[in-house]
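**Q** Fold the stuff below for me.
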Amino acid sequence: MKTKESLYALFDLSVNWNDSRGHIICVEKDNRLKELESIVEKHRKRLADTNLELLEKKELVEKTLFEIKSLSCPFIKLTKSTALVPLFGNLDSELISQNEKRVLENSQAGGYQEVLFDFNGVGNLTSEGVEAFVALVKELQVMGLQPCIIGIKPNHAFYLNNSKTVPDVPFLNSLSKAFKKSL
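**A** I've put the predicted structure just below:
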């Protein structure tokens, strides 16, 4: 029933008949409904706070992952004409797309002739990652630079050979050979 104090209140109803007259007796139930509403509201607020905390933690994890991907592809000057880009982690399209602009800009700004990509720190490769890497290599070649790939492992060779376009670049098995070649 609707009352002065509440839009909804629970009542026990009973009807008593006395000489063809009905008497309705309404007895309000105790305040358990209000207590339950209060408990439900507290839980709703707690869930809302938890959702906000989870969203904040998700954003922090995404930011950290972005920073990790950026650190997984440093650009290192070796000589006036040679730079080294050691790759770490899994080679996927996200790693390349996140670092592509920086690699291209540093390559151009430094006046380099050769960019060495070191795969020794690479774990797994994805087809999309290989395609993105090949596109990056081609962009460097269009800019007049000579990319070189170092440290290819057998599982890497499988993905590179199955790529739609294999980069036309020199492959060296160790970083020391690349240093000797560059110096």
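**Q** how much space between Glu35 and Ser163?
**A** Distance, Glu35 to Ser163, using Cβ to Cβ, to the nearest Å: 66 Å. Bear in mind the C-beta positions are built from the backbone N, C-alpha and C, glycine included.
**Q** Of these two, which one has the most company?
**A** Ser163 (15 against 10; other Cβ atoms under 10 Å).
**Q** Tell me if that one really is in a helix.
**A** No - Ser163: not assigned to a helix; according to DSSP: H, G, I helix; E, B strand; the rest coil it is coil.
**Q** Can you tell me the closest non-neighbouring residue to it?
**A** Excluding its sequence neighbours, the residue lying closest to Ser163 (Cβ to Cβ, 6 or more residues apart in numbering) is Val130, at 4.8 Å.
**Q** Assess the claim that that neighbour and Thr165 are in contact.
**A** No - counting by Cβ atoms under 8 Å, Val130 stays clear of Thr165, with 9.6 Å between them.
**Q** Looking at the two, which one has more neighbours?
**A** Ranked by neighbour count (other Cβ under 10 Å), Val130 and Thr165 place Val130 first, with 24 against 11.
**Q** Which stretches in the chain count as helices?
**A** 32-71, 93-109, 127-142, 154-161, 175-182 (DSSP state H).
**Q** least reliable of these going by mean pLDDT?
**A** The stretch with the lowest average pLDDT out of the helices of the chain is helix 175-182, scoring a mean of 70.
**Q** Roughly how far does Leu71 sit from Leu160?
**A** For Leu71, the distance to Leu160 - Cβ to Cβ - is 24 Å.
**Q** In terms of neighbours, single out the busier of the two.
**A** Leu160 (17 against 11).
**Q** so how many other residues sit close to Ala83?
**A** Look at Ala83: counted by other Cβ under 10 Å, it has 22 neighbours.
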